[in-house]
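Novice: Quick one, fold the following:
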Amino acid sequence: MKVYSGGFTAEHLYRNEMKIVAGLQLQGLSKQETKKKIFEENLFHSRSEAAMKDLFPRVYKRAEKLDDALRALLLNGSRSDHNAILLYAFLKNFKFPRDFVLEVVHYNLKRYRNTVTEGNILSYFEEKAQQYEEVRNWTVQTKYKLKQVTLKILQDASLIVKTEKEYEIKPIPLSRELREYIEQSIKHSELIIMTLND
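Specialist: Residues are numbered from 1 along each chain as shown. The predicted structure is shown next:
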């Protein structure tokens, strides 16, 4: 059983697509009905059906990690709530970037280091390669792509900001409504940690 998958080399935050799927889920549409509507009306504005076939399962899998309260906040909440929920949905699906956030970004911030350096990133990859065969087997190209995708998504969610030589860590501000909901919801308690609000 693999601990880590490198299968997120083409991932994005999918801001608009996630909102579309969440909106249809809130209307009570099943997965099949959601898919049919998105494909028939090209709601993702995909250039081809092949692109839509590739994109739909990625987005739907993430949207399934949310409940109706989080979906509603994704549609109607503030920009920073959107960032928090989109980042949470991504990290719930991919363990490698999730552990990077917890073991590097979160770890540094809790030790009053408000940056992530290239050295931190390299050390994380090396440490995981020593621990797990599947990481050792990733090509140099795969590792580079995974690093780029992870950092891009964290930047798009405003968790980190690129400076000249490193990345500044920025906890994502949560609205009172989102924070109170998460504090009452054991199922989604990780969102507080993943957005650096603990």
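Novice: Next one, pLDDT for the spatially most distant residue from the centre of the chain please.
Specialist: In the chain, the residue that sits farthest from the middle, by CA atoms, centre = their mean, is Glu40; the gap is 27.3 Å. pLDDT recorded at Glu40 is 95.
Novice: Please report how far it lies from Phe96.
Specialist: Glu40 sits at a distance of 35 Å from Phe96 (criterion: CB to CB, to the nearest Å). Every residue, glycine included, has its C-beta placed from N, CA and C.
Novice: before we move on, what about Phe90?
Specialist: 11 Å.
Novice: where do the helices sit along this structure?
Specialist: 15-26, 31-41, 49-63, 68-76, 79-93, 95-100, 107-110, 118-131, 133-136, 140-156, 176-184, 190-194 (DSSP state H).
Novice: highest average neighbour count across those helices?
Specialist: Mean neighbour count, computed with mean count of other CB atoms under 10 Å, is highest for helix 79-93 among the helices of the chain, reaching a mean of 22.
Novice: Looks like Lys170 contacts Thr163 (just checking).
Specialist: No: in this structure, Lys170 is not within contact of Thr163 by CB atoms under 8 Å, at 11.3 Å.
Novice: Give me the more crowded residue out of the two.
Specialist: Lys170 (18 against 9; other CB atoms under 10 Å).
Novice: Alright, I will stop here.
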